[in-house]
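Engineer: after the sequence you'll find the predicted model.
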Amino acid sequence: MEITKDIKYVGVNDHDIDLFEGHYIVPEGMAYNSYAICDEKIAIMDSVDGNFTEQWFANIKKELGDKEPDYIVVQHMEPDHSGSLIAFMNEFKDAKVVSSAKAFTMMNNFFGECFEGRRVEVKEGDKLELGTHTLCFVAAPMVHWPEVIMTYDEKDKVLFSADAFGKFGALDVCGETGADDDDWACEARRYYFGIVGKYGMQAQAVLKKAAGLDIQTICPLHGPVLKEDLGYYLDLYNTWTTYGAETKGVVIAYTSVYGNTKKAVEMLAAKLEEKGVPKVAVTDLARDDIAEAVEDAFRYDTIVFATTTFNNDIFPFMKEFINSLTERNFQNKRMGFIENGSWAPQAMKVMKGMLEGCKNMTCLENEVSILSGVSAENEAQIEAMAEELAAAYK
């Protein structure tokens, strides 16, 4: 794939993986992106997972022919991007490693090697001249590791964005460019909030730096190269990094043991749709992908938590879900609660306690407390909650 006349894609697709980072379901695989900048000097942007070293070498040699790389720029040290670094340095013995000081420390931790005599240490604002191309380095600490740098090619106006603007999915499935991928936002959102979401403030700081650059192309380490309508992607990232609501609507996240809490949730969802709430999404935390549930929680402006009392606490899947939200700085939401407790309901108290540290949260006045089965009183509570939510969208 040609990014520009001088910049070529040399990354790989992984269809063997089932769980990315041992956690995220990736039915469409994963792309480990790497790029070759071909000038008087040749720079390779990042390596790939160690399981794909030979394929990566073949891609590099196909693009370079008899030439060899002068540099490898290591923007991020996670093994899916640095796993082939040692093999690269052994294969191309005259090449130098360009990276941040923290990255060289991590190389020593990972490999017992920090490439003394072959290293070029860079920091914010430093430049690397390749010929007609000048690479300018942008520090991006905690997006989402402390050593991260991004790289801006001044000639072709390309931002190599490390893990920012990434998404799940192999490129031979999801498309090589964002313009060809109708579902970019869905999997990019799940990726962002799952992996980078805790670090919104740091990501926002990098976006402010990027605003001062003339960017025509974004080359992330995962997912498609972004060329068309960059404002769309930048606007989404601005919303995500500031924890703003992307979509008006209600997500109802629930667990249910014997079906009674589920019944209450289904009643609420039906009433919300009848009353014209713009979007209603329902997720069963015991059965649905937890990463998608987290994605929806950040996406919509309102969330209703519905669960059962369990061992004087809350049902484990709800506990995991709320922990996943709070550790990612969940904030700026309207929220409601449905609990079920056959003889001693505690779920609402526990959920509120877990969420009390979240910023700028507004609780609905109407709540639902079920004692085993859904009673006539509960139906009235559900109606009142639906009315209150519907009114918020008028």
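Structural biologist: Structure's in. What do you need?
Engineer: buried residues in stretch 61-78?
Structural biologist: 63, 64, 69, 70, 71, 72, 73, 74, 75, 76, 77, 78 (16 or more other C-beta atoms under 10 Å). Backbone N, C-alpha and C define where each C-beta goes, glycine included.
Engineer: the residues you listed in strands, which ones?
Structural biologist: Using DSSP state E, the members of the buried residues of stretch 61-78 that fall within strands are 71, 72, 73.
Engineer: so what's the last one up against?
Structural biologist: Read it as residue 73. By C-beta atoms under 8 Å, 6 or more residues apart in numbering, the contact set of residue 73 is 43, 44, 45, 46, 98, 99, 128, 135, 151, 160.
Engineer: and which of those residues is nearest to residue 89?
Structural biologist: Nearest to residue 89 among the contacts of residue 73 is residue 44, at 11.2 Å by C-beta to C-beta.
Engineer: packing partners of whichever helix or strand that closest one is part of?
Structural biologist: For residue 44, the host element (DSSP states H and E) is strand 42-45. Contact partners of strand 42-45 among helices and strands, from 3 or more C-beta pairs under 8 Å, 6 or more residues apart in numbering; DSSP states H and E: strand 35-38, strand 71-73.
Engineer: tell me the average confidence for stretch 95-115?
Structural biologist: Stretch 95-115 shows an average pLDDT of 95 in the prediction.
Engineer: circling back to that earlier point, which of the contacts of residue 73 count as buried?
Structural biologist: 43, 44, 45, 46, 98, 99, 128, 135, 151, 160.
Engineer: now residue 94: which helix or strand?
Structural biologist: Counting by DSSP H and E, there is no helix or strand that carries residue 94.
Engineer: next up, the contacts around it.
Structural biologist: Residues in contact with residue 94 (C-beta under 8 Å, 6+ apart) are 68, 70.
Engineer: the one 5 residues further on too?
Structural biologist: In this structure, residue 99 makes contact with 73, 74, 75, 77, 107, 119, 120, 121, 122, 147, 149, judged by C-beta under 8 Å, 6+ apart.
Engineer: would you list the phi and psi of the closest residue to residue 161 other than its chain neighbours?
Structural biologist: Excluding the flanking residues, the one nearest residue 161 by C-beta to C-beta, 6 or more residues apart in numbering is residue 220, at 4.9 Å. Reported as degrees, to the nearest 10, the phi and psi values for residue 220 are phi -80, psi 170.
Engineer: hmm, back to that, include pLDDT when you put the ones in strands among the buried residues of stretch 61-78 into a markdown table, please.
Structural biologist: As requested, these are exported to a markdown table (pLDDT from 0 to 100):
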| residue | pLDDT |
| --- | --- |
| 71 | 98 |
| 72 | 98 |
| 73 | 98 |
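Engineer: for the residue nearest the centre of the chain, helix, strand, or coil?
Structural biologist: Central residue check for the chain by C-alpha atoms, centre = their mean: the C-alpha nearest the mean position is that of residue 192, 1.5 Å away. Classification of residue 192 using DSSP: H, G, I helix; E, B strand; the rest coil returns helix.
Engineer: what's the neighbour count on the residue lying closest to it once chain neighbours are set aside?
Structural biologist: Nearest residue to residue 192 in three dimensions, chain neighbours excluded: residue 240, at 5.3 Å (C-beta to C-beta, 6+ apart). If you count neighbours by other C-beta atoms under 10 Å, residue 240 ends up with 22.
Engineer: packing partners for the host helix or strand of residue 240?
Structural biologist: Taking DSSP H and E as the definition, residue 240 sits inside helix 230-241. Under the contact criterion of 3+ C-beta pairs under 8 Å, 6+ apart, helix 230-241 touches helix 184-191, helix 200-210.
Engineer: repeat that with 7 Å
Structural biologist: Other helices and strands packing on helix 230-241, by 3 or more C-beta pairs under 7 Å, 6 or more residues apart in numbering; DSSP states H and E, are helix 200-210.
Engineer: and the following helix or strand past the helix it packs on, which residues are buried?
Structural biologist: Counting by DSSP H and E, the next helix or strand C-terminal to helix 200-210 is strand 217-219. Using 16+ other C-beta under 10 Å as the test for burial, strand 217-219 gives 217, 218, 219.
Engineer: who touches strand 217-219?
Structural biologist: 3, 33, 35, 157-161, 165, 225-227, 230, 233 (C-beta atoms under 7 Å, 6 or more residues apart in numbering).
Engineer: do that again at 8 Å, thanks
Structural biologist: With contact meaning C-beta under 8 Å, 6+ apart, strand 217-219 is reached by 3-4, 7, 33, 35, 45, 156-161, 165, 225-227, 230, 233.
Engineer: swap in stretch 357-372?
Structural biologist: 260-261, 264, 268, 304, 306, 325-326, 329-343, 345, 348, 352, 355, 378, 381-382, 384-385, 387-389.
Engineer: so residue 273 touches residue 282, yeah?
Structural biologist: No: the criterion here is C-beta atoms under 8 Å, and residue 273 misses it with residue 282 at 10.5 Å.
Engineer: out of the two, which sits in the busier spot?
Structural biologist: The neighbour comparison of residue 273 against residue 282 (other C-beta under 10 Å) goes to residue 282, with 19 against 15.
Engineer: between the buried residues of stretch 61-78, which is closest to residue 256?
Structural biologist: residue 78 (37.2 Å).
Engineer: quick one: contacts for the residue nearest to residue 192?
Structural biologist: 189, 192, 193, 197, 200, 203, 246, 298.
Engineer: quick one: the residues you listed as CSV, columns for pLDDT and distance to residue 171 too.
Structural biologist: Listed next are the contacts of residue 240 as CSV, based on pLDDT from 0 to 100; distance: C-beta to C-beta, whole Å:
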residue, pLDDT, distance to residue 171
189, 95, 18
192, 96, 18
193, 95, 22
197, 92, 23
200, 94, 27
203, 94, 23
246, 95, 25
298, 97, 25
